[in-house]
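Chemist: sequence plus the predicted model coming up.
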Amino acid sequence: MPRQRVGDIEIYYEVHGAGPRTLVMIRGLGSNLLSWYEQIDEHSRHYKCVVFDNRGAGRTDKPDAPYSIKQMAADTAGLMEALGIGRAALLGISMGGMIAQEFALHHQKKLSCLILGCTHFGGADVAQSPSEIVAAVMAGTNATPQQQKQQLQAVFCDDTIERRPEVVEKHNRIRAQYAIPPFAFARQIAAIGVFDASARLGQIHVPTMAITGREDRLVAPQNSKLIADRIPGAMLKELPGGHLFMAEYPEQFNRAVIDFIDA
């Protein structure tokens with residue numbers, strides 16, 4: 001299994017495809033690289049795709065010490081350097097989008113373009129989501145039966161919940177593999193809580209797309225518009241679906257990503 005020492009941890013990663021251009025993809029809170037199950041095959045037909053498990057998740061090391069979004073951006077940069085990747089397109093989802101923002105602020109020359117999915121920039125100006133939805137997600141495996149229902153609503157749109165149970169079942173089955181331990185989940189949540197790039201986004205000068213699901217109840221879609229407004233020249237793309245719109249409507253999501261990178 002490919003593991004690479006980066007700073008104080010070993011990162012588990014995989015490389016798929018052999019295209020002339022590189023796409024690095026970063027997942028969100030509690031997720032590991034397996035959660036790209038609707039993206040890897042398609043994107044690897046076009047690019048050399050690098051996916052990995054964030055600090056604390058999957059098969060990457062899980063130190064029981066404070067994490068930060070800046071630290072996880074440094075993990076990403078260190079992995080790219082170790083793999084000899086000088087420049088890449090960067091796609092970050094949710095917490096991965098926060099990591100991608102921090103990466104862009106510190107390693108801009110390593111980017112050909114930036115894609116920020118269903119994420120926010122932190123700080124006081126964030127468009128808030130229903131407090132009960134956020135609390136349910138933060139409860140993790142300690143969720144009550146009511147919160148378990150809200151956890152489902154947090155990540156899927158109503159149409160998926162009501163009419164496409166196979167999408168939910170597939171996600172839950174894959175998500176259960178290499179599940180994040182509660183202490184590491186809490187460390188990632190704490191990192192999100194203090195992240196704030198709101199006043200710095202104007203420093204990003206690479207082609208950027210903010211992309212969101214219109215029915216996202218966990219990270220309000222308005223946050224993608226706020227990001228696009230603050231990054232010079234950024235474009236906004238809205239697709240059907242909830243927070244996991246990349247799993248609910250993968251063909252539309254994948255096409256949007258490929259079209260943007262190729263443009």
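Modeler: Sure thing, it's come through. Numbers count the residues shown, from 1 in each chain.
Chemist: just checking, what packs against the helix or strand of the chain with the lowest mean pLDDT?
Modeler: One helix or strand of the chain scores below all others by mean pLDDT, DSSP states H and E: helix 131-139, with a mean of 91. With contacts taken as 3 or more Cβ pairs under 8 Å, 6 or more residues apart in numbering; DSSP states H and E, helix 131-139 sits against helix 145-155. Where you see a C-beta, it was placed from the backbone N, CA and C, and this is true even at glycine.
Chemist: pull the CA atoms of the helix or strand hosting A228 into PDB?
Modeler: Assessed by DSSP states H and E, A228 sits inside helix 222-230. What follows is helix 222-230, C-alpha atoms only, in PDB (Å, rounded to 0.1, in the frame of the first residue of the first chain):
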ATOM      1  CA  GLN A 222     -24.800  30.900  -0.600                       C
ATOM      2  CA  ASN A 223     -21.300  30.200   0.700                       C
ATOM      3  CA  SER A 224     -20.200  29.300  -2.800                       C
ATOM      4  CA  LYS A 225     -21.400  32.600  -4.200                       C
ATOM      5  CA  LEU A 226     -19.600  34.400  -1.400                       C
ATOM      6  CA  ILE A 227     -16.400  32.600  -2.300                       C
ATOM      7  CA  ALA A 228     -16.800  33.400  -6.000                       C
ATOM      8  CA  ASP A 229     -17.400  37.100  -5.200                       C
ATOM      9  CA  ARG A 230     -14.200  37.300  -3.200                       C
END
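Chemist: number of nearby residues for the nearest residue to G213 once chain neighbours are set aside?
Modeler: Counting by Cβ to Cβ, 6 or more residues apart in numbering, F245 is the residue found nearest to G213 once chain neighbours are left out, at 3.2 Å. By other Cβ atoms under 10 Å, 28 other residues sit near F245.
Chemist: before we move on, back to that, next, the angle helix 145-155 makes with the least confident helix or strand of the chain.
Modeler: 100 degrees (axes from the mean of the first three to the mean of the last three Cα atoms, to 10 degrees).
Chemist: now helix 131-139, how far from the centre of its chain.
Modeler: Relative to its parent chain, helix 131-139 has a centroid offset of 18 Å by Cα atoms, centre = their mean, to the nearest Å.
Chemist: which parts of it are buried?
Modeler: Buried residues in helix 131-139, counted by 16 or more other Cβ atoms under 10 Å: I133, V134, A136, V137, M138.
Chemist: any weak-confidence spans in the stretch 1-150 of the chain?
Modeler: Within the stretch 1-150 of the chain, the segments meeting pLDDT under 70 span 1.
Chemist: what about the strands in it?
Modeler: 3-6, 9-16, 22-26, 48-52, 88-93, 111-117 (DSSP state E, counting those that start in this stretch).
Chemist: quick one: closest of those strands to E166.
Modeler: strand 88-93 (21.4 Å; Cβ to Cβ).
Chemist: related to what we said a few turns ago, quick check, nearest of the buried residues of helix 131-139 to I174?
Modeler: I174 has its nearest neighbour among the buried residues of helix 131-139 in V137, at 17.7 Å by Cβ to Cβ.
Chemist: pretty sure that closest one is touching L152, no?
Modeler: No - assessed by Cβ atoms under 8 Å, V137 is found out of contact with L152, at 10.5 Å.
Chemist: now do the shared contacts for those two.
Modeler: Shared contacts of V137 and L152, defined by Cβ atoms under 8 Å, 6 or more residues apart in numbering, are absent.
Chemist: list of residues touching the helix holding A228?
Modeler: 101, 116, 118-121, 125-127, 198, 201-202, 208, 210-212, 234-236, 238.
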